[in-house]
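Participant: Mind looking at a prediction? Sequence and model below.
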Amino acid sequence: MEHVSKTQLYLKVKKPLLERQRRARINKCLDSMKHIVAELQDSNAILHMDKAEMLEATIAHLRKTKYINNQNKYTPVDGFRNGYINAANEVSRVLASTRGISAQLGKTVMTHLGCQFSRLQDMHHQQEMKIANQKTNYMQQLHVSISSAPLSPASSGYHSDKGSPASSPSSVPEEIRAELWRPW
């Protein structure tokens, strides 16, 4: 009877088993991600992609979602604007309820507050336009770098290289197809 060392046992039995388990976990997570992204996109096209295509589509979707969410954030400027309006309303209420304050003085104060608010709005709008232009330029540069850099090998051995229906360009939505590199 031959003696088998712990190292040999590990290399022959345990390592392949652990590797199979690791790959099974990865595949389970990839399948879960695939279904989540399909739900979020309201499209089943991602369900027919191979793993590399699915990961690329997921990255493109996340970048697009992040860009959209960054545009919809509640900013400190929104808080300032709401606070300013509340304060102006409170000043108006106090002016109207205080005896001895002339209507002309109240009108002058409220006109001043309105003009200042408009000036602040204009300044903020100009800053937003500048930032939006910078974001647009950044997204254009990002799109060029994504579309010009190959993310997948031309011959990976996956079903997409063999001309399956799922790999045809028409089965992938236009917004995903535009951002992903394909060998065809």
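Facilitator: Nice, thanks for sending it over. Numbering: from 1, shown residues only.
Participant: where's the residue nearest to the spatial centre of the chain, which helix or strand?
Facilitator: By CA atoms, centre = their mean, the chain has its centre lying nearest to K66, at 1.9 Å. Assessed by DSSP states H and E, K66 sits inside helix 51-71.
Participant: CA atoms only for that helix - export them in CSV, please.
Facilitator: Output in CSV follows, covering the C-alpha atoms of helix 51-71 (Å, rounded to 0.1, in the frame of the first residue of the first chain):
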residue,chain,number,x,y,z
LYS,A,51,-20.9,35.6,-19.5
ALA,A,52,-18.5,38.2,-21.0
GLU,A,53,-21.2,39.9,-23.0
MET,A,54,-23.5,39.9,-19.9
LEU,A,55,-20.8,41.5,-17.7
GLU,A,56,-20.1,44.1,-20.4
ALA,A,57,-23.8,44.9,-20.7
THR,A,58,-24.1,45.1,-16.9
ILE,A,59,-21.2,47.5,-16.7
ALA,A,60,-22.7,49.7,-19.4
HIS,A,61,-26.1,49.7,-17.6
LEU,A,62,-24.5,50.6,-14.3
ARG,A,63,-22.6,53.5,-15.8
LYS,A,64,-25.7,54.7,-17.5
THR,A,65,-27.7,54.4,-14.3
LYS,A,66,-25.1,56.1,-12.3
TYR,A,67,-25.0,59.0,-14.8
ILE,A,68,-28.8,59.4,-14.6
ASN,A,69,-28.9,59.2,-10.8
ASN,A,70,-26.1,61.8,-10.5
GLN,A,71,-28.3,64.2,-12.5
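Participant: one step back: R22 versus the residue nearest to the centre of the chain, what's the distance?
Facilitator: Distance of K66 to R22, given as CB to CB, to the nearest Å: 29 Å. All C-beta spots, glycine's among them, are computed from the backbone N, C-alpha and C.
Participant: Repeat that for E2.
Facilitator: 30 Å.
Participant: Counting neighbours, go ahead and name the busier of the two.
Facilitator: More neighbours surround R22 than the other of E2 and R22, with 10 against 4 (other CB atoms under 10 Å).
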